[in-house]
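Chemist: Everything below, folded, please.
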Amino acid sequence: MNLTEETGADVSTASPSYRPMTSADIPTAHAMSLAVSWPHRPEDWQFGLDTGTGFVAELNGTVIGTALCWKHGPQRASLGLVIVSDAYQGRGIGRTLMQMLLAEAEDRVTFLHATPAGQPLYEKLGFSVCGLLNQHQGRVTETLSVALPDGLHLRDAQAGDVEVLSNLATRATGLERHAMLAALFQVGAGVVLERDGAIIGFSVFRRFGRGYVIGPVVATPSADDLHAKALIGHWLAGRENEYIRVDVPDGSSVDDWLAQQGLPCVDSVVKMVRNAPADAHRGAPDPDLRWYGLITQAMF
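Modeler: Numbers count the residues shown, from 1 in each chain. Here you go, the predicted structure:
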């Protein structure tokens with residue numbers, strides 16, 4: 001849908017205004033994300049806004065740009081869902097929205113995932129590449145079983161696990177995860193991996209986009225990434241022909257394994273950081289835990 005033609009705005013001379021995003025903006029934001037082939041549902045936008053802070057660019061009463069940020073404690077933040085309607089590209093709207101997000105994030109170490117089109121702008125705003133993310137999605141084909149060794153087993157996550165899981169996620173990602181995990185368990189289901197009664201990993205499964213998303217996925221390192229595969233495979237089993245997405249940080253054997261089950265890598269984007277050296281944020285923050293799947297590319 002061409003939002004400019006629908007509103008009749010004067011593209012050549014009109015100047016937008018900027019304000020905080022509200023739930024009333026979600027129908028238009030959803031239409032904008034569909035226009036750029038992003039699969040987000042209105043519910044996905046609402047969850048993002050409920051857990052973060054958003055801003056919009058508005059012209060003649062119609063939203064023409066969006067941007068959101070999430071504060072992960074006092075030291076970290078992430079940015080995403082930055083969209084400017086095609087008819088208004090090249091007018092500095094995206095830069096202004098980004099500057100509003102950066103002001104909101106203050107001096108936090110701030111992350112984002114960048115498409116090739118967006119990367120030059122983010123570099124001008126002080127971001128540097130510090131990693132790579134592989135986006136896997138598709139309809140599940142025949143699933144591969146994962147056999148756990150003696151002493152390890154999976155079980156459903158319980159309300160009383162949230163504190164432990166939040167601590168594991170915080171260590172694995174370097175982002176404070178307590179509030180985000182509590183919110184996720186209001187909309188999704190979790191499974192934990194235990195060794196002799198101690199939790200050593202977990203994953204979350206919820207509705208998102210065209211179907212479902214698995215993430216976050218956090219686990220202790222293991223041969224052939226067996227722990228992570230068990231936590232992901234739990235949700236794939238019995239879901240043949242379901243549409244599922246997993247966003248996987250680069251550097252594990254999970255990528256090829258997912259592709260074998262109908263979830264190929266359809267895109268790769270760079271991870272970028274601001275207010276810190278890129279080299280300080282390459283690799284895992286904690287050598288005893290690994291991050292195998294994201295909540296989303298924006299919320300990390």
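
Chemist: how about the helices in the stretch 201-300 of the chain?
Modeler: Secondary structure of the stretch 201-300 of the chain (DSSP state H, counting those that start in this stretch): helices located at 226-236, 254-259.

Chemist: Arrange those helices in JSON lines, one row each, with mean pLDDT and distance to residue 219 as further columns.
Modeler: To be clear about C-beta, it is placed using only N, CA and C from the backbone, and glycine gets the same treatment. Converted to JSON lines, the helices of the stretch 201-300 of the chain look like this (pLDDT from 0 to 100; distance: least, Cβ to Cβ, whole Å):
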{"stretch": "helix 226-236", "mean pLDDT": "98", "distance to residue 219": "4"}
{"stretch": "helix 254-259", "mean pLDDT": "97", "distance to residue 219": "10"}
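
Chemist: quick one, what contacts the residue nearest in space to the middle of the chain?
Modeler: Centroid check for the chain by Cα atoms, centre = their mean gives residue 296 as the closest residue, at 1.5 Å. When contacts are counted by Cβ atoms under 8 Å, 6 or more residues apart in numbering, residue 296 touches 44, 48, 80, 208, 213, 215, 247.

Chemist: same thing with residue 293?
Modeler: 203, 214-217, 228, 232, 246-248.

Chemist: Now it: closest residue in space that isn't a chain neighbour?
Modeler: Computed as Cβ to Cβ, 6 or more residues apart in numbering, the closest residue to residue 293 that is not its neighbour in sequence is residue 217, at 3.3 Å.

Chemist: Starting from residue 62, give me the distance back to the one you found.
Modeler: 39 Å (Cβ to Cβ, to the nearest Å).

Chemist: Between the two, which is the more surrounded one?
Modeler: Taking neighbours as other Cβ atoms under 10 Å, residue 217 and residue 62 compare with residue 217 leading, 30 against 17.

Chemist: still on that earlier bit, need the contacts of residue 293 in JSON lines with distance to residue 254, can you?
Modeler: Output for those, formatted as JSON lines (distance: Cβ to Cβ, whole Å):
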{"residue": "203", "distance to residue 254": "12"}
{"residue": "214", "distance to residue 254": "11"}
{"residue": "215", "distance to residue 254": "12"}
{"residue": "216", "distance to residue 254": "13"}
{"residue": "217", "distance to residue 254": "8"}
{"residue": "228", "distance to residue 254": "6"}
{"residue": "232", "distance to residue 254": "7"}
{"residue": "246", "distance to residue 254": "8"}
{"residue": "247", "distance to residue 254": "11"}
{"residue": "248", "distance to residue 254": "5"}
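
Chemist: Let me know the closest of the residues you listed to residue 163.
Modeler: Closest approach between those and residue 163, by Cβ to Cβ: residue 216, at 15.5 Å.

Chemist: For burial, what's the neighbour tally of the closest one?
Modeler: 29.

Chemist: Tell me the pLDDT of residue 117.
Modeler: Per-residue pLDDT puts residue 117 at 85.

Chemist: Send me whichever strand or helix holds residue 136 as PDB with only the CA atoms.
Modeler: Secondary structure from DSSP states H and E places residue 136 in strand 128-139. C-alpha atoms of strand 128-139 as PDB (Å, rounded to 0.1, in the frame of the first residue of the first chain):
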ATOM      1  CA  SER A 128      30.600  -0.400  14.400                       C
ATOM      2  CA  VAL A 129      30.100  -4.000  13.300                       C
ATOM      3  CA  CYS A 130      30.700  -6.600  16.100                       C
ATOM      4  CA  GLY A 131      29.000  -9.700  14.800                       C
ATOM      5  CA  LEU A 132      26.700 -11.500  12.400                       C
ATOM      6  CA  LEU A 133      23.200 -13.000  12.700                       C
ATOM      7  CA  ASN A 134      21.600 -15.700  10.500                       C
ATOM      8  CA  GLN A 135      17.900 -15.600  10.100                       C
ATOM      9  CA  HIS A 136      16.400 -19.100   9.700                       C
ATOM     10  CA  GLN A 137      12.800 -19.700   8.800                       C
ATOM     11  CA  GLY A 138      10.500 -21.900   6.900                       C
ATOM     12  CA  ARG A 139       8.000 -24.700   7.100                       C
END
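
Chemist: Need the residues that contact that strand.
Modeler: 111, 113, 119, 210, 241-250, 255, 258-259, 262-274, 277-279, 281-282, 294, 297.
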